[in-house]
Structure formats: structure tokens, C-alpha cells
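[1] compute the structure for the input listed below.
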Amino acid sequence: MAIIAVLTDFGTRDGYTASMKAVIKTICPQTSIIDISHDIAPQQIAEARFILWTAYRFFPSGAIFVCVVDPGVGTGRKILAVKTEQYIFLAPDNGLLDMVLAEVETLEACSVENEKFFLQEISSTFHGRDIFSPVAAHLANGISLQSMGRSISLKQPADLLLSISGEGIYPGSVIFIDHFGNLVTNLRMAGIQKARIFIDGNEIPLKKTYADAEIGEPLALTGSRGLLEIAVRNGSAEQMFDAGYGSKIEVEIK
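    Below is the predicted model:
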């Protein structure tokens, strides 16, 4: 059974995601649909890029990812279909796939243009329903990537994450804020046990678990993604430090 994973900024209130799933199931009834998230903040491509990166590696081989955070919908921007060793990704050509494609090899890519695999009527504002969903379903039915449009060459994006290793000062920034108000940074911290960590001039103690801090106290730790996070036990680091995307972090190792 094919798996189609869906990531959007559509929410669940307006029926947009239901329409996408209905199109997929109509064309490929046997497919299994998994929601990655529909709670991406509106038009926030960087947030979608990060969420996709955190989730994709845990899917079975052969999964098809439909990623629709698309401020340029209806314009001349491309829709990409990208095949890697294990997966197929569909997304607007707006950087949404960059974190994934920075660490996996692209075997094949095309610009999705063949209207034979779209819905008959195409809205200029809802390509998620009218293009992305039917294309994903046809791919799940075994239609080849080459059938979807002209082949294109993609340059591998630069890695947006920085690895901390030996002594030195490492500047970083907040690239995601989760549901708990934890500040996730672009610094890989795997294996680092001693470091001085600063945000907005405040030094934050490095801990192993959230419970190693007192309730209401800030801490830094390596999160489940292998990245440095700033947190507050039973609280919100976002609120405590009035932080947002791009807030600066500094790590010092002696």
C-alpha cells in the first residue's frame, strides 16, 4: 500500500485538507494518508522546511510527500517532483525542500507540467487540491516521474545546520519554536556535554533532561533532533526571552 504524507499551512477548519485527501483517495483508493502537520503558520516556508526535515526520515521507503506551503500559488513558480533513493517529494520551488535535499541525493527531478494528471478545472488559488493531490495519487498508482513534466537539474542546497565540535565560539540562531515554547537552534550538539550557552546576554545552563532544571528555570539541552534547544521547565522560553525566529544564540566551548 502506498503512503502519501501531507504537510500544509491550511489548518483543519476550512475543509482544504479534506478536499486534498478526497482527491487522493478518489484517484488512488488504496493509498494510506498520513498527516505530518496542517498547523504550519500561514506562508511560513522556513517552518514547513524544518518540520519536513524532522519527520521524513521515519517514513517507510516509497512514501510520497506532498508539501504545500505556497505563497506563490497561481504564479509562474515551478512545482517540483523530486525522487531520492527512498522517497518522492512534491513541493513548490520556494526552498521548502532545502533541508531535506541538503542531506540526501536527488536521483531524478522534474517540473510538474503535464495537465493530464491534474484535475480538469484548475483554481489559481488551490493547487494543493487541483495539482499536488492528483499528481501524488497518480504517482502512488505507479505513473512515472518522467510523465509529470520536463526533467530538470537541481543544485544541492547548502546545509543550514552547523556542527559544534572542538573549542571555539559558535554563533547560531533560532530556526523553530515548538508547541511548548522551546527554542530550537541550527546548532548540532550531539556528544557535547560541557559548554557555555548564551541567549540575549543570558547564560543558560546545559542539562541532559528537562527535569534536571527546577520548575520555571531555563535550561539548554540537546533535543530529539540532535539540535541545541533553549527551554524552560514547565514554561516557555519563547516568552521568557521574548524570542522569535532568528534570535541569536552563542555557544562557547573551552
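
[2] identify the residues contacting the closest residue in space to residue 128 that isn't next to it in sequence.
    Nearest residue to residue 128 in three dimensions, chain neighbours excluded: residue 68, at 4.0 Å (CB to CB, 6 or more residues apart in numbering). The C-beta positions use only the backbone N, C-alpha and C, and glycine is treated the same way. Residues near residue 68 by CB atoms under 8 Å, 6 or more residues apart in numbering: 6-10, 20, 91-92, 127-128, 132.

[3] restricted to buried residues, select those in PyMOL.
    Typed into PyMOL, the next command selects the buried ones out of those (criterion: 16 or more other CB atoms under 10 Å):
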select buried, resi 6+7+8+9+10+20+91+92+127+128+132
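
[4] tell me the pLDDT at the residue nearest to residue 128?
    On the pLDDT scale, residue 68 is placed at 98.

[5] any idea how far residue 193 is from it?
    Look at residue 68 and residue 193: by CB to CB, to the nearest Å, they are 41 Å apart.

[6] one more: residue 64?
    Residue 64 is 40 Å from residue 193, by CB to CB.

[7] between the two, tell me which one has more neighbours.
    Neighbour totals were compared for residue 64 and residue 193, and residue 64 leads with 24 against 8 (other CB atoms under 10 Å).

[8] correct me if wrong: the more buried one contacts residue 5.
    Yes: using CB atoms under 8 Å, residue 64 is in contact with residue 5, at 7.1 Å.

[9] so what's residue 65 up against?
    Here residue 65 is in contact with 4-5, 7, 36, 52, 56, 59, 87-91 (CB under 8 Å, 6+ apart).

[10] of those residues, which is the nearest to residue 175?
    Set against residue 175, the nearest of the contacts of residue 65 by CB to CB is residue 52 (12.9 Å).

[11] which element is the closest one on?
    Residue 52 belongs to helix 45-55 when assigned by DSSP states H and E.

[12] which residue ranges form the strands in the stretch 51-200 of the chain?
    64-68, 79-84, 88-92, 106-111, 162-163, 168-177, 183-188, 196-199 (DSSP state E, counting those that start in this stretch).
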